[in-house]
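The following block contains a protein sequence and its predicted model.
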Amino acid sequence: MFLPATPEEVRKLGWTRLDVILITGDSYVDSPFIGVAVIGKRLLAAGYRVGIIPQPDRSSGKDITRLGEPALFWGVTGGCIDSLIANRTASGKRRQGDDFTAGGINNRRPDRAVIAYANLIRSHFKETAPIVLGGIEASLRRIAHYDFWSNRVRRSILMDAKADFILYGMADNTVLELAASLRDGRDVSELRGLCYAATRPKPGFIEIPSWEEAATNPAAFEKMFLTFQGHQDFRTAQGLIQKQDTRWLIHNPPPPPLSSAQLDEVHAMDFEREAHPSHRREGEVRALQTIRFSLTTHRGCYGGCHFCAIAVHEGRQVSSRSEESILREARTLATLTGFKGRIHDVGGPTANMYGFECRKKLLTGACSDRSCLHPDVCPNLHPDHRPQIALLRKLREIPGIRQAIVASGIRYDLLLADRKQGIPYLREVIRHHISGQMKIAPEHSEERVLKCMGKPGRGALIAFHDLFCRLTAEAGKDQYLTYYLIAAHPGCTQADMEALRRFAGRELALQPEQVQLFTPAPATISTLMYHTGRDPWSGKRLFVEKTQAGREFQKKILVAKNDRLRYESGATANQKGGKIMGKDKDVKKDTKKKPTKSPKEKKEAKRLKKTGKAGEI
Ligand code: SF4
């Protein structure tokens, strides 16, 4: 069933008052992929009366008041993506489209949605039930943080929203504990995964530099962030306190991740896998095209990419569902109306982390002095792709499933480190689980930049590329790799982008077209580097391209169709840290290597291909 979103639906359930009302910046889609739906269903399953108000109109009280006032708390989330990232491009322009809004037009979610919705509640309900913030926006902005869009260090979003609590990370269990405590009138201040404001510091907690210090002193900001980041493993983390104006932010230690059995429980709940009927007249929610028939196999990621905040939100420990639970869900998908035989994704934050974990981490917590994958795969990890191979084989046998695609990213360094099962896994994926192309995320080619990104070196990429080509040829398939690349990451100069372009042409036979401009999202190491302009470990200064023209130009270097365009743009762009493209001999060489075919040549090639004589040219 859907959570009730209208007074009529509440009445039909025989409820006179709700215990919890959830507010979200997305349209309401009832799916295990949507955090607010999972939280609502968990509360519902535990016996609470839960309603939901998606994307309330802020120009009147009509939407926010329509379900009344909750007895226990308001739950507020900006949606599946931080509202600033959902609403603005990396260049600061307003995004037109929105995959999480019915109809696809980006006109429903306000910037800083969490703050906007908390204010909306307060303006219509005085002395109301506690306002509890959750979801990615609140989670990543829970302590003082650098905000790219206003170019300043902001306070915790708890303070700016004047809310009562933040439930950070994956709050499936914490939300149940909070609801029970509020219902029973118990103290909530010891709950793991909870932040709140207090007039006094909490004894025994570690004090991190205050918001004022962090906002004015980059060294203090760095210290604050690294201490925060070092206390994210529930086995070893201590509580943190941070002074913000006259009050203290209390950051309790994180909760344990869900066990395999608990994850199975979440996915066994009855989801509609549809948008709420009230959205029907507004149009389709595009995200459903991907998530309606997809399977989550696990949560968490130890990839440690410096520009990614998953570890701070979901944790560095991977929790995997049981094989039986995933297969059961797959069988359900196969019976649903509209299912055409294809599962669009079988994966998680990183597809090939399913089914194994580091024993040391499980016993004593993740290491604070090294990354699990960077600069090399940790010898203690012992990657094992067997559980994934077994799962994929069983999925293929389910009646009604023609294909189960692995669309989530694959960490190729992890795959290569599994000397016994890595190649069989890739062979399996190439033969049965990709549809024409496999997306991987090398992000760059230059070792210095890769180090800043926390990504594997180019040797692993070349080895994987060659292996992929060999296994694809062996399978007799016409499939190729596509690559996620990032421009303007801290440490990356124009010269590095030129080198990446040459590398892509030479080693990957690629003219990149899709390149992301680095966005300093809250709570990542890359954002720390962007803000402070230095390497947090060595303390050395880093080149950081901050001008919009320079950032755009880095991207243009990679995607420009010819050198002339790059040279002309380069003449006007900020050249700090880079060199002008047109003067680079290697670039000219690459261009010569791959001349564009004339229409006549193209016609001839087509004719030869048709007659099967292409190889005779
Ligand atoms: S021992 Fe290695 S794999 Fe395990 S937590 Fe530490 S760094 Fe990660």
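That came in fine, so what should we check first?

So which residues on this structure come close to the ligand?
Tyr302, Cys358, Lys360, Lys361, Ala366, Cys367, Arg370, Cys372, Cys378, Asn380, Leu381 (C-beta under 6 Å from any ligand atom). Using the backbone N, CA and C atoms, a C-beta is placed for each residue, glycine as well.

For PyMOL, what selects the buried ones among the residues you listed?
Buried residues within these, by 16 or more other C-beta atoms under 10 Å, are selected in PyMOL with:
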select buried, resi 302+358+361+366+367+372+378+381
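
okay if I get the residues of the chain next to the ligand as TSV plus pLDDT?
Formatted as TSV, these follow (pLDDT from 0 to 100):
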residue	pLDDT
Tyr302	97
Cys358	98
Lys360	97
Lys361	98
Ala366	97
Cys367	96
Arg370	93
Cys372	98
Cys378	98
Asn380	97
Leu381	97
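
Tell me which of the residues of the chain next to the ligand fall in helices.
Residues of those located in helices (DSSP state H): Lys360, Lys361.

Save the residues of the chain next to the ligand as CSV, and put in distance to Glu284 too.
Below are the residues of the chain next to the ligand laid out as CSV (distance: C-beta to C-beta, whole Å):
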residue, distance to Glu284
Tyr302, 35
Cys358, 42
Lys360, 46
Lys361, 41
Ala366, 40
Cys367, 45
Arg370, 45
Cys372, 39
Cys378, 44
Asn380, 46
Leu381, 41
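
closest to Ala179 among the residues of the chain next to the ligand?
Closest to Ala179 out of the residues of the chain next to the ligand is Ala366 (29.5 Å), distances taken as C-beta to C-beta.

so the closest one touches Cys372, yeah?
Yes. The pair Ala366 / Cys372 is scored as a contact, 7.3 Å apart, by C-beta atoms under 8 Å.

and for the two, which residues touch both?
Tyr302, Arg316, Cys358 (C-beta atoms under 8 Å, 6 or more residues apart in numbering).

from those residues, which is closest to the ligand?
Cys358 (3.2 Å; C-beta to the nearest ligand atom).

contacting residues around that closest one?
Counting by C-beta under 8 Å, 6+ apart, Cys358 has contacts Tyr302, Ala366, Cys372, Cys378, Asn380, Leu381, His382.

taking those one by one, which sit in strands?
Residues of the contacts of Cys358 located in strands (DSSP state E): none.

Of these, just say which sits nearest to Ile131.
Closest to Ile131, out of all of the contacts of Cys358 and judged by C-beta to C-beta, is Ala366, at 32.2 Å.

Could you report the separation of that closest one from Ile166?
22 Å (C-beta to C-beta, to the nearest Å).

quick one, strands of the stretch 101-250 of the chain?
Along the stretch 101-250 of the chain, counting by DSSP state E, counting those that start in this stretch, strands occupy 131-133, 145-147, 152-154, 165-167, 194-198, 206-208, 240-244, 247-251.

Now distance to Ile434 too, for those, in TSV please.
Shown next, in TSV, are the strands of the stretch 101-250 of the chain (distance: least, C-beta to C-beta, whole Å):
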stretch	distance to Ile434
strand 131-133	39
strand 145-147	37
strand 152-154	41
strand 165-167	37
strand 194-198	41
strand 206-208	44
strand 240-244	43
strand 247-251	41
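
for the ones you listed, which one sits closest to Leu18?
Among the strands of the stretch 101-250 of the chain, strand 131-133 comes nearest to Leu18, with 14.1 Å by C-beta to C-beta.

Does anything pack onto the closest one? Which helices or strands?
strand 73-77, helix 113-124, strand 165-167 (3 or more C-beta pairs under 8 Å, 6 or more residues apart in numbering; DSSP states H and E).

Just the buried residues of the longest one, please?
Looking back up the chat, that one is helix 113-124. Those would be Ala113, Val114, Ile115, Ala116, Tyr117, Ala118, Asn119, Leu120, Ile121, Arg122, His124, for helix 113-124 by 16+ other C-beta under 10 Å.

isn't the second one right up against Ile157?
The one in question is Val114. Yes. Between Val114 and Ile157 there is a contact under C-beta under 8 Å: 5.8 Å.

quick one: common contacting residues for those two?
Leu133, Glu137, Ala138, Arg141, Ala163.

and the third one, how many residues sit next to it?
Neighbourhood size, Ala138 [other C-beta atoms under 10 Å]: 29.

who are the neighbours in contact with it?
Val76, Thr77, Gly78, Val114, Ile157, Leu158, Ala161, Ile166, Leu167, Tyr168.

Now do the same contact list for the residue nearest to Arg58 when sequence neighbours are not counted.
Distances taken as C-beta to C-beta, 6 or more residues apart in numbering put Leu120 closest to Arg58, at 5.4 Å, once the chain neighbours are dropped. Neighbour list for Leu120: Pro56, Arg58, Ile64 [criterion: C-beta under 8 Å, 6+ apart].

Spatially, what comes nearest to the first one if we skip its sequence neighbours?
If the residues on either side of it in the chain are set aside, Pro56 comes closest to Asp63, at 3.6 Å by C-beta to C-beta, 6+ apart.

Let me know how buried the one you found is, in neighbour terms.
The burial count for Asp63: 17, using other C-beta under 10 Å.

my guess is Thr532 contacts Glu222, does it?
Yes. In this structure Thr532 lies within contact range of Glu222 using C-beta under 8 Å: 5.4 Å.

give me phi/psi at Asn510?
Quick fix: residue 510 reads Leu, not Asn. Note on Leu510: backbone dihedrals following degrees, to the nearest 10 are phi -130, psi 140.

For it, report the pLDDT, please.
Reading off the confidence values, Leu510 has pLDDT 87.

which SS class is the nearest residue to it once chain neighbours are set aside?
Leaving aside its chain neighbours, Leu510 sits nearest to Ala504 (4.4 Å; criterion: C-beta to C-beta, 6+ apart). Secondary structure state of Ala504, per DSSP: H, G, I helix; E, B strand; the rest coil, is helix.

Now do the same contact list for Ala504.
Ala504 neighbours (C-beta under 8 Å, 6+ apart): Ser445, Tyr483, Leu485, Leu510, Gln511, Pro512, Leu558.

Next one: the residue lying closest to Ile21 once chain neighbours are set aside relative to the ligand, how far apart?
The shortest distance from Ile21 to any residue other than its chain neighbours is 4.5 Å, reached at Pro70 (C-beta to C-beta, 6+ apart). Using C-beta to the nearest ligand atom, to the nearest Å, Pro70 is found at 41 Å from the ligand.

go on, Ala161?
To the ligand, Ala161 is 34 Å away according to C-beta to the nearest ligand atom.

Hmm, Arg122 and that residue touching each other?
No. Contact criterion C-beta under 8 Å: Ala161 and Arg122 do not qualify, at 9.2 Å.

Overlap in contacts, those two.
Common contacts of Ala161 and Arg122 (C-beta under 8 Å, 6+ apart): Ile131.

just to revisit the earlier point, mark which of the contacts of Leu120 are buried, thanks.
Pro56, Ile64.

closest to Ala499 among the contacts of Leu120?
For the contacts of Leu120, the nearest to Ala499 is Arg58 (47.6 Å; C-beta to C-beta).

Pull up the per-residue confidence for the closest one.
Looking at Arg58, the pLDDT reads 96.

What distance do you get for it to the ligand?
Taken as C-beta to the nearest ligand atom, the span from Arg58 to the ligand is 44 Å.

mind listing what that residue touches?
Pro110, Ala116, Leu120.

could you redo the residues you listed as JSON lines and give each row pLDDT?
Below are those laid out as JSON lines (pLDDT from 0 to 100):
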{"residue": "Pro110", "pLDDT": "98"}
{"residue": "Ala116", "pLDDT": "98"}
{"residue": "Leu120", "pLDDT": "98"}
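
Let me have those residues in CSV, adding distance to Arg42 as columns.
Listed next are the contacts of Arg58 as CSV, based on distance: C-beta to C-beta, whole Å:
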residue, distance to Arg42
Pro110, 27
Ala116, 25
Leu120, 25
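
Can you list the buried residues in stretch 56-70?
Pro56, Asp63, Ile64, Leu67, Pro70.

Let's see which of those residues end up in strands.
Those of the buried residues of stretch 56-70 lying in strands (DSSP E): none at all.
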